[in-house]
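Colleague: Below are the sequence and a predicted model for it; my questions follow.
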Amino acid sequence: MEAGGYASDLLRAAELDSRDAGLASQIVFGVLRYRAQLDFLIEQYSGRRAKLDAEVRTVLRMGIFQLRYLERVPAHAAVGDSVELVKRARKSSAAGFVNAVLRKVDRTPVAWPNREVELSCPEWLLARWELHFGENAAAAIARAALEEPETYVRTGRAGARIQDIGSQSIVPLLELQAGQSFLDLCAAPGNKTAQALEAGVHATACDRHFRRLQQMKQPGLRLVVLDGTRPLPFARRFDRILVDAPCSGTGTLGRNPEIKWRLRPEDLVDLQRRQEALLENARAVLADDGLLVYSTCSLEPEENEQVVSGLPPGVVVRTSYRIPGRDPGDGFYGAVIRSGIPANG
């Protein structure tokens, strides 16, 4: 996780049996969600502010999470497993320390020192959400990110597919009709493309990564490997276009909690440049009287309002936000854009 991969990818690669995988998932994602609280508790129980080896800190986070936040793991098992784990990490000299710290852990209510620790969310994110959505909404977003996300299943013509309810809300904005030409510019993993196909459109799905695109292969779907930040190679224009742009993902923190610890304000600048290029290139192949939806699973204005703010007056039909803590599911932004002044002027 420290090297940049997602926790979900790590767990899949581990190939655990279903029982072990369920507990491992609970612990890994729980530690990521509550990391700030857990680090504060490590200091409280150990009485030390000194820097700990990464392996020792990780073991303590996992142990405290099980002891304070999980009901299913007996205390003696959590302590014993943590001691063995730190030994397996070649930190045997810390085994006594880990044992001593974890034996102090109980479920007594804690007076958290500040909201960053209480909500286990970086203060810079809380401050920008407060500015954009208000104080109560900011706290609600952070609290929603501490909860295990609900699983939503969309039932369509081709069967049932797991898809977040926030994600499901984007394709209907396109007002698809049978026979229309449809371009999904950033299609993988394919949930929204599959949703669009149910309307009977003639679909083209694009992505930068061949392997991810190949997993979407099905009859009647045209697949194109391309980088949408560069001019698109299509001679035709499309009636409907979806630009579900790669983004910071701050609307999905309950599902991807590592994002809140990795993201930096400067990352948003690079993301915005890519998103603006995707939108400009997509508009260049939008048919007259066509509709385009620009969407992200981000809560950040740099990736949302600021991306569409440079469009010609009147082409943005409407915008929508789904905000965790207020709306069920992941957070999403959507802007419905009609044909207007060509993107190239």
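Modeller: Thanks, I have the structure now.
Colleague: only C-alpha atoms for contact and neighbour calcs from this point on.
Modeller: OK.
Colleague: Find me the pLDDT at Ala13, would you?
Modeller: Per-residue pLDDT puts Ala13 at 52.
Colleague: and if you look at Leu226?
Modeller: 96.
Colleague: which residue packs closest to it, ignoring adjacent ones?
Modeller: Spatially, and ignoring its direct neighbours in sequence, Leu226 is nearest to Arg208 (5.0 Å; CA to CA, 6 or more residues apart in numbering).
Colleague: Tell me how many other residues surround that neighbour.
Modeller: Arg208 sits with 17 neighbouring residues when counted by other CA atoms under 10 Å.
Colleague: How about the contacts made by it?
Modeller: Neighbouring residues of Arg208 by CA atoms under 8 Å, 6 or more residues apart in numbering: 186, 225-228.
Colleague: cool, Ile165 as well?
Modeller: Here Ile165 is in contact with 152, 328-330 (criterion: CA under 8 Å, 6+ apart).
Colleague: For burial, what's the neighbour tally of the residue nearest to Arg157 when sequence neighbours are not counted?
Modeller: Of all residues not flanking Arg157 in the chain, Glu198 sits nearest, at 6.3 Å (CA to CA, 6+ apart). Burial of Glu198 is recorded as 14 neighbouring residues (other CA under 10 Å).
Colleague: The closest residue to Gly156 other than its chain neighbours and Thr296, how far apart?
Modeller: Distances taken as CA to CA, 6+ apart place Glu198 nearest to Gly156, at 7.0 Å, with adjacent residues excluded. In this view, Glu198 and Thr296 are 22 Å apart by CA to CA, to the nearest Å.
Colleague: likewise Val225?
Modeller: From Val225 to Thr296 the distance is 21 Å (CA to CA).
Colleague: Neighbour count: the two, which is higher?
Modeller: Thr296 (26 against 17).
Colleague: gap between that one and Ser169?
Modeller: Taking CA to CA, one finds Thr296 at 12 Å from Ser169.
Colleague: Arg88 too?
Modeller: Relative to Ser169, and taking CA to CA, Arg88 is found at 46 Å.
Colleague: which one of these two has more residues nearby?
Modeller: Set Arg88 next to Ser169 and count neighbours by other CA under 10 Å: Ser169 wins out with 15 against 11.
Colleague: phi, psi of the more buried one?
Modeller: When quoted as degrees, to the nearest 10, the phi and psi of Ser169 stand at phi -80, psi -10.
Colleague: Spit out the contact partners of it.
Modeller: Contacts of Ser169 by CA under 8 Å, 6+ apart: none found.
Colleague: can you offset everything so residue one is 6?
Modeller: Noted, 6 is the first residue going forward, which turns the last one into Ser174.
Colleague: Show me where this protein dips below the pLDDT cut-off.
Modeller: Applying pLDDT under 70 to the chain flags residues 6-21, 23, 163, 346-350.
Colleague: And the strands in the stretch 206-350 of the chain, which stretches?
Modeller: 207-212, 227-230, 243-249, 291-301, 321-327, 337-343 (DSSP state E, counting those that start in this stretch).
Colleague: Out of these, which is closest to Ala116?
Modeller: Of all the strands of the stretch 206-350 of the chain, it is strand 321-327 that lies closest to Ala116, at 31.6 Å by CA to CA.
Colleague: And Arg120, how close does it get to Gln42?
Modeller: For Arg120 relative to Gln42 (CA to CA), the value is 10 Å.
Colleague: neighbour count winner among the two?
Modeller: It is Gln42, of Arg120 and Gln42, that has more neighbours when counted by other CA under 10 Å, with 22 against 14.
Colleague: for the more buried one, helix, strand, or coil?
Modeller: helix (DSSP: H, G, I helix; E, B strand; the rest coil).
Colleague: Test my guess that it contacts Pro127.
Modeller: No - using CA atoms under 8 Å, Gln42 is not in contact with Pro127; the gap is 11.5 Å.
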